[in-house]
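Peer 1: pasted the sequence and its predicted model underneath.
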Amino acid sequence: MSADPHVVTREQVLDALRSVEDPELHKSIVDLDMVRDIQVGDGRVSVNALLTISACPLRETIVNSIRERVRTIPGVREVDVTLGEMAPNERQALIAKLRGGEVSTTRRSSFITPESPVRVLTIASGKGGVGKSTVTVNLAVALRQLGHRVGIIDADVYGFSIPRMLGVRGRPTMIDQMVVPLEKDGIRVMSIGFMLPDETDAVVWRGPMLHKALTTFINEVHWGDDMDYLLLDLPPGTGDVSITIAQTLPQTHMVIVTTPQAAAVSVAQRAARMAEKVNIEVLGIIENMSYYQAAPDQPPVYIFGRGGGQRLAEAQSVPLLGEIPLDPAVREGGDNGVPVILSAPESPAAKAFRATAERLVRRLPIPVA
Ligand SMILES: Nc1ncnc2c1ncn2[C@@H]1O[C@H](COP(=O)(O)OP(=O)(O)OP(=O)(O)O)[C@@H](O)[C@H]1O
Ligand SMILES: [Mg+2]
């Protein structure tokens with residue numbers, strides 16, 4: 001038998017492992033100091049990697065990607081992967097690193113900090129039920145389709161609806177105090193809904209706990225250092241919660257959703273005044289449920305009146321970013337967890353959401369690195 005012409009080195013293995021990412025933290029396992037030991041001998045490679053927590057739901061994924069990458073090295077015949085768990089101090093060091101942005105070559109923190117280039121878009125309204133959450137999920141998908149990295153904070157702790165609307169369920173991984181958001185179609189999502197044993201459980205928390213929960217979301221969620229837009233779905237109304245969040249997040253901008261009728265518009269104006277009070281720039285208005293059109297050759301019916309979004313935009317001297325028609329497919333999309341922009345991409349509603357997202361990006365562009 002001839003000797004193998006390839007002598008595999010530890011450095012080659014380490015290099016190959018650089019392209020293996022932790023599936024939740026979206027970073028190289030080498031940069032995350034997860035590779036503990038590499039043994040090489042006679043075409044056989046053993047890798048010992050440390051997981052952040054032993055119950056890591058994606059252990060199989062990590063093992064498989066390590067195997068796959070190391071096997072591509074010429075001369076490797078067998079790959080053995082063993083997993084261990086980081087000690088508490090190692091986990092703390094990792095979290096500190098992620099906070100300081102040291103892991104990233106661009107030195108950006110994976111958390112939301114005043115230095116983050118992430119754009120926070122608060123989706124607000126005066127009245128409840130005008131479609132904030134619907135607009136949030138559809139805009140998120142549209143922004144993602146435009147190639148942006150998107151996250152959603154469901155700040156409606158009493159009436160959270162983002163998990164259902166986006167069809168995302170499960171429990172976020174907690175690495176000590178750090179929360180790893182769930183992900184669906186490339187959109188990272190945090191909601192109180194993920195923390196409750198049952199989706200139907202009422203959140204009967206008091207003000208201070210609410211405040212704590214929100215600041216936890218904001219301060220302890222590892223969003224990744226590549227986030228472009230973070231959408232914040234507010235609860236109905238213009239109360240304390242909204243102000244709290246607005247003050248906690250840096251670089252916050254607001255979009256106000258309203259329906260066309262006069263009563264809704266005057267309430268929506270309150271949201272605009274709240275934004276002014278806490279120095280948040282209103283980027284524009286989105287009018288939802290603007291009209292209903294049974295078929296393309298039928299005239300639109302203005303069920304909730306007409307022109308309210310435009311009037312509000314003029315009163316605030318901001319653009320009207322979009323007019324979204326009433327469409328049963330929008331509601332069905334929300335109920336089924338597949339936003340209309342995905343379930344019926346050619347529908348007038350989906351087109352309106354895409355056009356709105358494009359206008360938003362023009363209003364609030366992401367700087368080219
Ligand atoms: N353009 C639309 N066409 C048809 N149905 C819509 C449209 N927009 C929203 N809906 C439906 O209206 C209902 C209320 O929407 P949504 O939950 O998004 O409002 P909200 O402003 O977030 O409410 P809340 O203030 O309670 O948080 C949902 O059932 C949703 O599917
Ligand atoms: Mg809502």
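Peer 2: On my side now, so go ahead. Numbers count the residues shown, from 1 in each chain. Ligands and ions are numbered 1, 2, ... in the order given.

Peer 1: Ile53 - how many residues pack around it?
Peer 2: Around Ile53 there are 13 other residues, counting by other Cβ atoms under 10 Å. C-beta: built from backbone N, CA, C; applies to glycine.

Peer 1: Arg363 too?
Peer 2: When neighbours are counted by other Cβ under 10 Å, Arg363 comes out with 17.

Peer 1: okay, it: pLDDT?
Peer 2: Reading off the confidence values, Arg363 has pLDDT 94.

Peer 1: in which helix or strand does the nearest residue to it once chain neighbours are set aside reside?
Peer 2: Nearest residue to Arg363, sequence neighbours excluded (Cβ to Cβ, 6 or more residues apart in numbering): Leu283, at 4.8 Å. Applying DSSP states H and E as the criterion places Leu283 in strand 281-292.

Peer 1: next, give phi and psi for Ser125.
Peer 2: The phi and psi torsions at Ser125 (degrees, to the nearest 10) take the values phi -160, psi 170.

Peer 1: residue contacts, the closest residue to it other than its chain neighbours?
Peer 2: Spatial nearest neighbour of Ser125, chain neighbours left out: Val257 (4.6 Å); criterion: Cβ to Cβ, 6+ apart. Going by Cβ atoms under 8 Å, 6 or more residues apart in numbering, Val257 touches Ile123, Ala124, Ser125, Val130, Gly131, Lys132, Val135, Ala268, Ile285, Ile286, Glu287, Asn288.

Peer 1: quick check: the residue nearest to Arg363 touching His253?
Peer 2: Yes - using Cβ atoms under 8 Å as the test, Leu283 is close enough to His253 to be in contact (5.0 Å).

Peer 1: if we can go back for a sec, if you rank the contacts of Val257 by neighbours, which is first?
Peer 2: Glu287 (33 neighbours).

Peer 1: which non-adjacent residue is nearest it?
Peer 2: Gly309 (2.7 Å).

Peer 1: how close does the residue of the stretch 1-150 of the chain found nearest ligand 2 sit to Met165?
Peer 2: Of all residues in the stretch 1-150 of the chain, Ser133 sits closest to ligand 2, at 3.3 Å by Cβ to the ion. Relative to Met165, Ser133 is positioned 6 Å away (Cβ to Cβ, to the nearest Å).

Peer 1: identify the contacts common to these two.
Peer 2: In contact with both Ser133 and Met165: Gly334, using Cβ under 8 Å, 6+ apart.

Peer 1: ok, and what's touching stretch 42-60?
Peer 2: Residues outside stretch 42-60 that contact it (Cβ under 8 Å, 6+ apart) are 4, 8, 13, 17, 22-25, 29, 33-40, 62, 66, 70, 73, 75-86, 90-91, 94, 173-175.

Peer 1: of these, which belong to strands?
Peer 2: 22, 35-40, 78-85, 173-175 (DSSP state E).

Peer 1: quick one on the thing from earlier: just the buried subset of the contacts of stretch 42-60, please.
Peer 2: Neighbour counting with 16 or more other Cβ atoms under 10 Å marks 8, 13, 17, 22-25, 29, 34-35, 38, 40, 62, 66, 70, 73, 76, 79, 81, 83, 86, 91, 94, 173, 175 as buried within the contacts of stretch 42-60.

Peer 1: run through the bridge partners of the most centrally placed residue in the chain.
Peer 2: Centroid-nearest residue in the chain, with Cα atoms, centre = their mean: Gly151, separated by 1.6 Å. Note on Gly151: beta-bridge partners Arg188, Leu230, judged by DSSP bridges.

Peer 1: hmm, His222 and it touching each other?
Peer 2: No - contact status for Gly151 versus His222: not in contact, 10.5 Å apart, counting by Cβ under 8 Å.

Peer 1: tell me, what's touching the two both at once?
Peer 2: Common neighbours of Gly151 and His222 (Cβ under 8 Å, 6+ apart) are Pro181.

Peer 1: could I get the full set of helices for the stretch 251-369 of the chain?
Peer 2: Using DSSP state H, counting those that start in this stretch, the helices of the stretch 251-369 of the chain run over residues 262-277, 308-316, 328-336, 340-343, 348-363.

Peer 1: out of those, nearest to ligand 2?
Peer 2: Between ligand 2 and the helices of the stretch 251-369 of the chain, the shortest separation by Cβ to the ion is 9.8 Å, and it involves helix 328-336.

Peer 1: other SSEs contacting the closest one?
Peer 2: Contacts defined by 3 or more Cβ pairs under 8 Å, 6 or more residues apart in numbering; DSSP states H and E place helix 328-336 against helix 132-145, helix 162-166, helix 340-343.

Peer 1: go again using 7 Å as the cut-off
Peer 2: Contacts defined by 3 or more Cβ pairs under 7 Å, 6 or more residues apart in numbering; DSSP states H and E place helix 328-336 against helix 340-343.
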